[in-house]
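Asker: What shape does this take:
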Amino acid sequence: MVSVVIPVYNNSAYLRQCVDSVLAQSRCLSQVVLVDDGSTDASPAICDEYAAGDSRVTVIHKANGGVSSAINAGLDAASAPWVMIVDSDDALWTEALATLCRAADESHCDVVAPRYTHYAECLGAGSLGGNVVPADVYTADCLLQRPGTDNCMAGKLVSRRIFSNLRFREGTRYEDLDIFYRVYQAAGTVCAVDAVTYFYRLNPHGFMLSGGAAHTDVLPVAERIVEWSKGRGWALESAAADRLFAAACTALSCAESEDMSRHAWETVCSHRRRVVANRQSRPKNRVAALLSYLGRRIFTSVLRRLR
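Answerer: As a prediction, the model looks like this:
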């Protein structure tokens, strides 16, 4: 059985579609934890409405502390053996939990990772078989951003025991990138399911489509991954370096202070040769690494035009 944790902040436009898709699951749902993170729109009332109408729904109202704080509060309240995080502007395929729970039973993995889509009509497409992948291999693939893998924690089925001593880092963005590799390592293996079970909405008001200096948070997150990867083998170390290079490019494109801009540029310069030489690196990273030899001013200008 599964506890679904939904962090909510000022998302009344999409919240009903999200919760309805979770409550419509054919099997395996035992609890829905709605965490209202200090919303100022109609979201708190919508959460209370669902709790009043369905005994499976629990609502937590808390002061605004950010998405990591909201997820952590939901994890604290989760009671089922399995946990899934669902963003409040996304939705699940009706058979999502049934499919992933079956894969968990058959694979004996503590993490089951489905595919995602931006198109609701594609939900459920693909085979239902699961492929058991060692955590180091899946982590490296995620860092290299290979098709069919990602570092997003939403939509994945995770054994609640994984979160017994593990929580999202509060006060920083890119919270999924910061925690995903630690979750996979705690699990040991990941069951990768080809079925598309999660509808990801490209919310125009969401963080990932916004600009601004908050995106520089990705740089220290990626630096922690590089430190963690040391001594874990060439594949992981190279993948972590590739992700750090990409993070430095992101930070450089949106830095608003000279200190951050200089730090990001120094990171680009210190990793570009390795990225160019590594055939496993993403093609766009290798191209960016070559372009960086044109100099900081030109390279930064190109990055900002591409954002």
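
Asker: Low-confidence ranges, the stretch 51-200 of the chain, go.
Answerer: 118-129 (pLDDT under 70).

Asker: buried set for stretch 180-199?
Answerer: By 16 or more other C-beta atoms under 10 Å, the buried positions in stretch 180-199 come out as 180-184, 186-187, 189-193, 195-199. No exception for glycine: its C-beta is placed from N, CA and C like everyone else's.

Asker: In terms of pLDDT, where does residue 1 sit?
Answerer: Looking at residue 1, its pLDDT is 94.

Asker: mind listing what it touches?
Answerer: Applying C-beta atoms under 8 Å, 6 or more residues apart in numbering, we find residue 1 in contact with 28-31, 80-82.

Asker: The strand or helix carrying residue 16 - contacts with which helices or strands?
Answerer: Using DSSP states H and E, residue 16 falls within helix 12-23. Judged by 3 or more C-beta pairs under 8 Å, 6 or more residues apart in numbering; DSSP states H and E, helix 12-23 is in contact with strand 2-8, strand 29-37, helix 43-53, strand 91-92.

Asker: Pick the most buried one from those.
Answerer: The highest average neighbour count among the helices and strands packed on helix 12-23, using mean count of other C-beta atoms under 10 Å, belongs to strand 2-8 at a mean of 27.

Asker: can you list contacts of that strand?
Answerer: 15, 18-19, 22, 28-37, 39, 43, 47, 67, 70-71, 74-75, 77-80, 82-88, 97, 101, 157, 160.

Asker: Need phi/psi at the closest residue to residue 11 other than its chain neighbours.
Answerer: Among residues not flanking residue 11 along the chain, residue 88 sits closest, at 4.5 Å (C-beta to C-beta, 6 or more residues apart in numbering). For residue 88, the backbone dihedrals are phi -70, psi -10 (criterion: degrees, to the nearest 10).

Asker: just the helices in the stretch 51-200 of the chain please.
Answerer: 67-77, 96-107, 135-143, 175-187 (DSSP state H, counting those that start in this stretch).

Asker: on that earlier part again, dump the helices and strands packed on helix 12-23 into a markdown table; add distance to residue 134 as well.
Answerer: Output for those, formatted as a markdown table (distance: least, C-beta to C-beta, whole Å):
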| stretch | distance to residue 134 |
| --- | --- |
| strand 2-8 | 25 |
| strand 29-37 | 30 |
| helix 43-53 | 39 |
| strand 91-92 | 27 |
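
Asker: weakest of those in terms of mean pLDDT?
Answerer: Among the helices and strands packed on helix 12-23, strand 91-92 carries the lowest mean pLDDT, a mean of 94.

Asker: Return the distance of the lengthiest strand in the chain from the chain's centre.
Answerer: Longest strand in the chain, counting residues (DSSP state E): strand 189-199. Centre-to-centre, strand 189-199 and its host chain are 14 Å apart (C-alpha atoms, centre = their mean, to the nearest Å).

Asker: Report the inter-axis angle for that strand versus helix 12-23.
Answerer: 120 degrees (axes from the mean of the first three to the mean of the last three C-alpha atoms, to 10 degrees).

Asker: For strand 189-199, name the packing helices and strands.
Answerer: Using 3+ C-beta pairs under 8 Å, 6+ apart, strand 189-199 sits against strand 91-92, helix 96-107, strand 111-117, strand 130-134, helix 135-143.
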